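> One predicted model, sequence on top.
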Amino acid sequence: MRRWFWFVLALFLPFDLTAQAPTFRETVVVTAAGEEEPLDQVAAAVTEVDQRELARSLEASLAAVLRRSPGVVVLRSGLDGGVTSLFSRGTNSNQTLVLFEGVRLNDPYFGGYDWSLPLTTGVGKVELVRGPFSALYGADALGGVVQLLAPQGAGTSWSLFGEGGSQGWRRWQGGWSTTGKGWDLALWGVERNGSGTLDNDDFWGKAVTFSAGWRPRPNSRLGLLVRDSRSRTEIPFSGAQATPRRWTAAGERLVAVPWRMALHPHLQVEGHLARLTGQLSFRDPDDPWGYTAADSDKESLQGRLVFKARVGTHRLQWGGEWRQDEVTAGSSFGPDLQEKKQGTRSLFLQDRWGVGKAGDLTLGLRWDRAGAWEQWSPRVSWGLPLGTGRLWLAAGRAFRAPTLGERFYPFSGNPALQPERSASLELGTNQVLAGSWLAQLVAFANRVEDLVDFDYTTWRFANLAEARQRGVELALEQRREAQFLRLAATYWITEDDQDRPLLRRPKWSGSCTWGGRWSFGEGEVSLVYVGRRADLDPVSLARVQQGGFFTAQVAARILLVDPLSLTLRVDNLADRAYQEVRGFPAPGRRFFLGLSLAGGAP
């Protein structure tokens, strides 16, 4: 693999990069504190993937870009359409909260989020915050929060892109956005499909995003956001058994009305009303046990209202949330859930107190209640200016709420389930080095209690397990106008209550991404390493040790004649044979060639 890395890197070095001052390109994030602040001044473990990185990667799937981040591991079952899970800080895949413009996307039926569904088109930035953030965002934020944000721009811009490649890969996407005095409008769309090497191994996915906004005065906006995603994936086998007609299909539609309004130079109100619907279908007419069909429909109605104020050296946020989830599900064996509902209401308060040379102290507290359970979530952090950056110490509690499936599924559901609860401590620092490098080092320890698991003595779900995670995250990042480099390394120790390593959590993982822009194009090289980890054999269901893997991806965009560019992308450059999830071989080397047209404002 080393010789491949140096070969690919040499392809980019001869080109004359645009001249730049040796300064770290400033970028702003909002998820960590609920308000805008420079990335190098955030007192939290944050990774930002901006619009430039998303475009330069040429990736179709957001999961493929997020796996380069420190502190997380992303694993996919086989091809591009396979179920994809994200593990943040070694917590379960259903213990990370996923937001789109502040709206919760996590599944209310059995929790978590399938990362095979979201595509890069229609997303302008991703913010990944690691650590417990239930004090600000409520349920499911034990391991962290991943927030997807719509693209932001000025003027009018448009783009068209088509790509073909190995194993029948095809992708078409386009976008258009414009802004005027007091308004903005945008539309993006994408479709991808391909096939594997086996029979019944095809997949497709598509997404459309629409955004409109009205700005009646400075720092105020009333918007409309619509995003619709669909996918279908064929499943060629189950364990050692071929399944020639098995498939799954998923859909998700988000309609949201976000707003923000400046009431006073030091007082702002913002929030949203949203409706999220989703469907999941399964079919296998040849199933030997008669489980030939299953369908579930979910609906989540959400509302959030937040006031933000500056009072002296205090920056205050307070507000509330309301959410009602509903699930209807059934299979060829009969109905499972019939319009089961769960309502959640929440109140929260956060105070960021600037104490001069002693830095700032952040205190947050949130109350959530739904049905049989109630949860208080505190968080405290102290950020101290140190050298060319900040040192911080943070502690907090977080929780994952029991889902409608865990509470009400026939025979195994338990309406009395309580939330999974965690306590966490972390120590970290951000430092700007040599003017253009941002270094981040974080050590953390986390303990999760009351984990929901199946109790074989009662044949019901119960709060009966616990887990521990601790580790170190290191990231070194350089952002310039024409050059980008990120090195990431993560070390985890994860254990269950029997001192066994948690499934699919490697001790070591890391990545290296280098991107550049020159006079006639841009490109990047990305290396990803995931170490050995425990997994379950899909045939025997025994715990096994799954080997690590090391892959390289290359992407390049070459300007032919303005505004036409040629794109080239190579996945698994060294053609390594590996499995991210036991029993699901990953694709070998694949080549992709495309053409793109783009015009207007950058």
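Everything's here; your move.
> Below-threshold pLDDT in this protein: ranges please.
1-26, 601-602 (pLDDT under 70).
> need the helices for it, in chain order.
Assigned by DSSP state H, the helices in the chain fall at 2-12, 51-57, 62-66, 134-137, 404-408.
> Any buried residues in the fourth one, and which?
By 16 or more other Cβ atoms under 10 Å, the buried positions in helix 134-137 come out as 134-137. C-betas here are computed from N, CA, C, even on glycine.
> Flag every buried residue along stretch 385-393.
With burial defined by 16+ other Cβ under 10 Å, the residues of stretch 385-393 counted as buried are 388-392.
> Apologies, that question was intended for stretch 202-213.
Along stretch 202-213, these residues count as buried under the neighbour rule (16+ other Cβ under 10 Å): 202-211, 213.
> do the same with stretch 494-513
Neighbour-count burial for stretch 494-513 [16+ other Cβ under 10 Å]: 494-496, 501-507, 509-513.
> picking that back up, need the buried residues of helix 134-137 in JSON lines (columns: distance to Val530).
Formatted as JSON lines, these follow (distance: Cβ to Cβ, whole Å):
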{"residue": "Ser134", "distance to Val530": "28"}
{"residue": "Ala135", "distance to Val530": "31"}
{"residue": "Leu136", "distance to Val530": "30"}
{"residue": "Tyr137", "distance to Val530": "27"}
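> got the contact list for Gln338?
Applying Cβ atoms under 8 Å, 6 or more residues apart in numbering, one finds that Gln338 lies in contact with Thr328.
> What separation do you get for it and Val327?
The gap separating Gln338 from Val327 is 9 Å, by Cβ to Cβ, to the nearest Å.
> Taking the buried residues of stretch 494-513 together, which two end up most distant?
Pairwise distances among the buried residues of stretch 494-513 were taken by Cβ to Cβ; the largest, 32.5 Å, belongs to Asp496 and Thr513.
> Quick check: the gap between the residue positioned nearest the centre of the chain and Leu105.
Residue closest to the mean C-alpha point of the chain, counted by Cα atoms, centre = their mean, is Val146 at 4.4 Å. Distance, Val146 to Leu105, by Cβ to Cβ: 9 Å.
> Can you work out which residues contact both of those two?
Taking Cβ under 8 Å, 6+ apart as the contact criterion, the common neighbours of Val146 and Leu105 are 98-99.
> Quick one: neighbours of Pro216, just the number.
10 (other Cβ atoms under 10 Å).
> nearest spatial neighbour of it, skipping sequence neighbours?
Spatially, and ignoring its direct neighbours in sequence, Pro216 is nearest to Gly182 (6.7 Å; Cβ to Cβ, 6 or more residues apart in numbering).
> Touching, the one you found and Ser220? I think so.
No - with contact defined as Cβ atoms under 8 Å, Gly182 does not count as touching Ser220 (9.8 Å).
> So for these two, which sits in the more crowded spot?
More crowded of Gly182 and Ser220, by other Cβ under 10 Å: Ser220, with 17 against 12.
> show me what contacts that one?
Contact analysis of Ser220 by Cβ under 8 Å, 6+ apart lists 260-262.
> ok, what's across the strand from the closest residue to Pro335 other than its chain neighbours?
Sequence neighbours aside, Ala329 is the residue nearest to Pro335 in space, at 7.6 Å (criterion: Cβ to Cβ, 6+ apart). Per DSSP bridges, the residues bridged to Ala329 are Ser296, Leu337.
> Count residues in the vicinity of Ala329, would you?
Ala329 has 22 neighbouring residues, counting by other Cβ under 10 Å.
> now the strands for the stretch 51-200 of the chain?
72-76, 84-88, 96-100, 103-104, 125-130, 144-149, 156-165, 169-180, 183-195 (DSSP state E, counting those that start in this stretch).
> and Arg421, which of those strands is closest to it?
Of all these, strand 96-100 sits nearest to Arg421, with 15.2 Å by Cβ to Cβ.
> okay, that closest one in PDB with CA atoms only?
As requested, the backbone C-alpha atoms of strand 96-100 are provided in PDB (Å, rounded to 0.1, in the frame of the first residue of the first chain):
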ATOM      1  CA  THR A  96     -25.300   9.100  17.600                       C
ATOM      2  CA  LEU A  97     -27.800  11.800  16.800                       C
ATOM      3  CA  VAL A  98     -28.200  12.700  13.100                       C
ATOM      4  CA  LEU A  99     -29.700  16.100  12.200                       C
ATOM      5  CA  PHE A 100     -30.500  17.900   8.900                       C
END
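> Give me the contacts around it.
31, 86-88, 104-106, 113, 133, 137-149, 225, 227, 254, 256.
> Okay, now the sheet partners of it, with direction.
Sheet pairing of strand 96-100 (DSSP bridges) gives strand 103-104 (antiparallel), strand 144-149 (parallel).
> got the ones you listed as CSV, with distance to Ala293 columns?
As requested, the strands paired with strand 96-100 are exported to CSV (distance: least, Cβ to Cβ, whole Å):
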stretch, distance to Ala293
strand 103-104, 29
strand 144-149, 32
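> between the ones you listed, which one is nearest to Ser424?
Among these, strand 144-149 comes nearest to Ser424, with 10.4 Å by Cβ to Cβ.
> Measure how far that closest one is from the centre of its chain, please.
From the chain centre to the centre of strand 144-149 is a distance of 6 Å (Cα atoms, centre = their mean, to the nearest Å).
> same thing with stretch 505-512?
That offset, for stretch 505-512, works out to 17 Å (Cα atoms, centre = their mean).
> and it, C-alpha only, in CSV?
Output in CSV follows, covering the C-alpha atoms of stretch 505-512 (Å, rounded to 0.1, in the frame of the first residue of the first chain):
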residue,chain,number,x,y,z
ARG,A,505,-15.1,-1.4,17.2
PRO,A,506,-11.4,-1.5,16.3
LYS,A,507,-8.7,-0.5,18.7
TRP,A,508,-6.9,1.5,15.9
SER,A,509,-8.2,3.4,13.0
GLY,A,510,-7.0,6.4,11.0
SER,A,511,-6.9,8.3,7.7
CYS,A,512,-4.9,10.6,5.6
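> who's in contact with it?
Against stretch 505-512 from outside (Cβ under 8 Å, 6+ apart): 5, 67-70, 73, 87, 90, 469, 485-494, 525-534, 548.
> let's see 6 Å
68, 73, 90, 487-492, 494, 527-531, 533 (Cβ atoms under 6 Å, 6 or more residues apart in numbering).
> Could you point out the longest strand of the protein?
In terms of residue count, the longest strand belonging to the chain (DSSP state E) is strand 241-264.
> so what secondary structure elements neighbour that strand?
Judged by 3 or more Cβ pairs under 6 Å, 6 or more residues apart in numbering; DSSP states H and E, strand 241-264 is in contact with strand 221-238, strand 267-283.
> May I have the strands that pair with the last one, each with its orientation?
Put plainly, it is strand 267-283. Strand 267-283 is paired, per DSSP bridges, with strand 241-264 (antiparallel), strand 293-311 (antiparallel).
> I'd like those as JSON lines, with distance to Gln553 appended.
As requested, the strands paired with strand 267-283 are exported to JSON lines (distance: least, Cβ to Cβ, whole Å):
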{"stretch": "strand 241-264", "distance to Gln553": "25"}
{"stretch": "strand 293-311", "distance to Gln553": "34"}
